[in-house]
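Visitor: got a predicted structure plus its sequence, pasted below:
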Amino acid sequence: MHVAHLSLHNFRSYADLDVALEPGATAFIGRNGQGKTNLVEAIDYLSRLSSHRVATDAPLIRAGADQAVVRASVVKEGRTALLEVELNPGRANRARINRSPLPRPREIIGLVRTVVFAPDDLTLVKGDPSDRRKMLDDLLVLRAPRLAGVRSDYDRILKQRNSLLKTAGVARGSSRDAAMATLEIWDDNLARVGAEILGARLQLVEDLRPYLGKAYEAVARGASRDDADLDYKASIEVGDDLQQALLDAIAARRKDELDRGISLVGPHRDELLLTLGTGSGPDDLRLPVKGYASHGESWSFALALRLASYDLLRADGDDPILVLDDVFAELDAERRSQLAQLVAGAEQVLVTAAVAADVPASLQGVRYLVADGEVTRDD
C-alpha cells in the first residue's frame with residue numbers, strides 16, 4: 001500500500017497543494033514551522049480520522065477558512081482508490097471514495113493504514129494511562145475498522161451514564177427512584193459495549209506482545225527480546241463472561257459512583273502496563289518503565305511499541321505507510337541507523353526532518369524541500 005498523490009485544500013498552512021508521491025522512502029526537509037509535518041499529518045488523518053498532534057479537528061482548518069479537504073490516491077495491490085475527507089468545523093464531516101459519498105465518515109477508516117513515529121511518542125511511556133489506551137484503540141480500529149463505531153458508542157454511553165450518576169447522587173424520593181431505574185439500563189449498555197472493547201484489547205495485547213520483545217531487542221543496546229513486556233490491567237476481575245464481570249463490578253461500586261458522580265468501572269479506567277526485566281535469572285524482576293527506565297530506555301520502548309504495531313499490521317496482510325515525523329533529531333547516530341535498517345523494507349516511508357543530515361542515507365529516497373508554504377522536489 002502506498003499514497004501516489006496527496007491534495008490539500010485549506011488544511012493547516014496550505015491553501016492548495018498537490019504533491020506526487022512514490023513507493024519507497026520520501027523525505028520532507030524544512031525548518032520547524034514550515035509545514036512539513038502538516039503533509040504527513042494529512043495522510044495519517046485519512047487513516048484514522050484523527051490527528052497524532054491535536055485532539056480536535058478545529059486546528060486542522062486553515063485560519064479564515066470554513067472547511068478543509070484532504071484527498072489522496074491510494075494504491076493497493078495494483079488498484080487505485082481516491083479517498084477524500086471534508087472537514088467541517090461545527091458540522092458533520094463528509095467522506096468519499098472514488099467521488100462517491102459514504103453514509104458515515106468513519107467508513108473510510110482503515111482503507112489506508114499508517115503507523116506514525118513522533119517525538120510525542122515518549123508520552124506512551126511517561127504519560128497518563130489515557131495515552132496508552134488511545135494507542136491500543138487506534139491500533140484496534142486499524143485492524144478492525146468496525147470498532148470505530150463501538151468506541152463512539154461507548155463514549156456516548158459513558159457520557160450519558162456519568163450525567164445520570166450526578167443526577168441520581170443528589171436526587172431524593174421518586175426522582176431518585178426514577179433515576180436509579182434508568183441507571184440500570186445504562187449499566188447494561190456500558191457492560192455490553194465495554195465488554196466488546198475489553199475483549200478486543202485483551203486479544204490485541206496478546207497479539208502485540210511477541211512483536212514488542214523482538215522490536216525492543218532491535219532498538220535497545222544489549223537487550224534481549226525477553227526484556228520488554230506489556231500486560232493489560234483491567235478495572236475488573238477478568239473472566240470468561242466479561243459483560244457479567246462488568247455488571248458485577250458496577251454493582252459493587254454503586255455507592256462510590258453515586259458519591260463521586262462518575263463511572264469507576266469499564267475500559268476507560270483500564271491501564272496498559274509496560275515493564276522491563278532486570279535480569280535473566282530465576283529472581284528476575286520486572287519494573288514499570290514509567291518511573292524506573294532511563295531516558296534512553298524509555299525512548300527505545302516507545303520506538304519498540306510503534307515498530308511492534310507496524311509488524312503486527314504487516315502480519316495481518318497489509319504493509320502500512322510508515323511516518324517518521326521528526327524523530328531522527330531525537331536519536332543518536334547508532335539508533336538512527338538501527339531504526340533506518342528496520343523500516344527500510346517498508347513499501348512507503350515518509351520522513352520529516354529539519355535538516356537533511358538527520359535522515360539516514362537509506363531513507364533519503366525522493367526528497368522535497370518545504371519552505372514558506374511551498375513544497376519543491378529536490379532533484
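Guide: In hand now; what should we look at? Predicted model only: the values in this text are computed from it and were never measured. Residues are numbered from 1 along each chain as shown.

Visitor: how is the protein partitioned into domains?
Guide: If you go by automatic domain parsing, the domain ranges for the chain are 1-113+318-379, 122-314.

Visitor: how far off centre is the shortest one?
Guide: I take that to be domain 1-113+318-379. The chain centre lies 15 Å from the centre of domain 1-113+318-379; the measure is CA atoms, centre = their mean, to the nearest Å.

Visitor: go on, the longest one?
Guide: A distance of 14 Å separates the centroid of the chain from that of domain 122-314, by CA atoms, centre = their mean.

Visitor: same question for the lowest-mean-pLDDT helix or strand in the chain: list its buried residues.
Guide: Least confident helix or strand, the chain: helix 333-343 with a mean of 83, by mean pLDDT, DSSP states H and E. By neighbour count with 16 or more other CB atoms under 10 Å, helix 333-343 contains the buried residues Arg335, Arg336, Gln338, Leu339, Ala340, Leu342, Val343. In this view, the C-beta of every residue, glycine as well, is placed from N, C-alpha and C.

Visitor: separation between the last one and Ala27?
Guide: In this structure, Val343 and Ala27 are separated by 13 Å, where distance is defined by CB to CB, to the nearest Å.

Visitor: equivalent analysis for the first one, please.
Guide: Relative to Ala27, Arg335 is positioned 18 Å away (criterion: CB to CB).

Visitor: same deal with the fourth one?
Guide: In this structure, Leu339 and Ala27 are 14 Å apart, going by CB to CB.

Visitor: quick one, helices of the stretch 101-250 of the chain?
Guide: Counting by DSSP state H, counting those that start in this stretch, the stretch 101-250 of the chain has these helices, from start to end: 123-126, 129-143, 147-170, 173-219, 242-252.

Visitor: now render those helices as JSON lines, adding mean pLDDT.
Guide: Putting these into JSON lines (pLDDT from 0 to 100) gives the following:
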{"stretch": "helix 123-126", "mean pLDDT": "92"}
{"stretch": "helix 129-143", "mean pLDDT": "94"}
{"stretch": "helix 147-170", "mean pLDDT": "93"}
{"stretch": "helix 173-219", "mean pLDDT": "92"}
{"stretch": "helix 242-252", "mean pLDDT": "96"}
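
Visitor: right, and the ones you listed - which one's nearest Ser298?
Guide: helix 123-126 (4.6 Å; CB to CB).

Visitor: rewinding a little: the least confident helix or strand of the chain packs against which elements?
Guide: With contacts defined as 3 or more CB pairs under 8 Å, 6 or more residues apart in numbering; DSSP states H and E, helix 333-343 has these neighbours: helix 173-219, helix 295-315, strand 321-325.

Visitor: that one: what's the following helix or strand?
Guide: Scanning forward in sequence from helix 333-343 by DSSP states H and E, the next helix or strand is strand 348-353.

Visitor: who does that next one pair up with?
Guide: With DSSP bridges as the test, strand 348-353 is paired with strand 24-29 (parallel), strand 321-325 (parallel).

Visitor: can you show me the CA trace of that strand as CSV?
Guide: The C-alpha trace of strand 348-353 is given here as CSV (Å, rounded to 0.1, in the frame of the first residue of the first chain):
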residue,chain,number,x,y,z
GLN,A,348,6.3,3.5,1.7
VAL,A,349,8.2,5.5,4.3
LEU,A,350,7.5,9.3,4.8
VAL,A,351,10.2,11.1,6.8
THR,A,352,10.2,14.7,8.0
ALA,A,353,13.4,16.4,9.3
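
Visitor: can you name the residues in contact with that strand?
Guide: Applying CB atoms under 8 Å, 6 or more residues apart in numbering, the external contacts of strand 348-353 come out as 1-3, 21, 23-30, 36-37, 39-40, 43, 319, 321-326, 328-329, 343, 359, 363, 365.

Visitor: let's go with 6 Å and repeat that
Guide: Strand 348-353 is contacted by residues 2, 23, 25-29, 36-37, 40, 321-326, 328, 343, 359, 363 when judged by CB atoms under 6 Å, 6 or more residues apart in numbering.

Visitor: closest to Pro210 out of the buried residues of helix 333-343?
Guide: The closest of those to Pro210 turns out to be Leu342 (CB to CB; 15.9 Å).

Visitor: wait, is Ile43 part of a helix?
Guide: Yes: the assignment for Ile43 by DSSP: H, G, I helix; E, B strand; the rest coil puts it in a helix.

Visitor: re earlier: which of the strands paired with strand 348-353 sits most buried?
Guide: Of all the strands paired with strand 348-353, strand 321-325 carries the top mean neighbour count, a mean of 25, counting by mean count of other CB atoms under 10 Å.

Visitor: what's around Gly239, how many residues?
Guide: Residues near Gly239, counting by other CB atoms under 10 Å, number 9.

Visitor: gap between the closest residue to it other than its chain neighbours and His268?
Guide: Leaving aside its chain neighbours, Gly239 sits nearest to Ala245 (5.2 Å; criterion: CB to CB, 6 or more residues apart in numbering). Separation of Ala245 from His268 (CB to CB): 16 Å.

Visitor: for the stretch 201-350 of the chain, which spans come out with low pLDDT?
Guide: Along the stretch 201-350 of the chain, segments meeting pLDDT under 70 span 278-284.

Visitor: for Leu111, which non-adjacent residue is spatially closest?
Guide: In this structure, Leu111 finds its nearest non-sequential neighbour in Leu83, 6.0 Å apart by CB to CB, 6+ apart.

Visitor: and that neighbour, which helix or strand is it part of?
Guide: Taking DSSP H and E as the criterion, the element that holds Leu83 is strand 79-87.

Visitor: so after that strand, what's the next helix or strand?
Guide: strand 94-97.

Visitor: now do that following strand: which elements does it pack against?
Guide: With contacts taken as 3 or more CB pairs under 6 Å, 6 or more residues apart in numbering; DSSP states H and E, strand 94-97 sits against strand 79-87.
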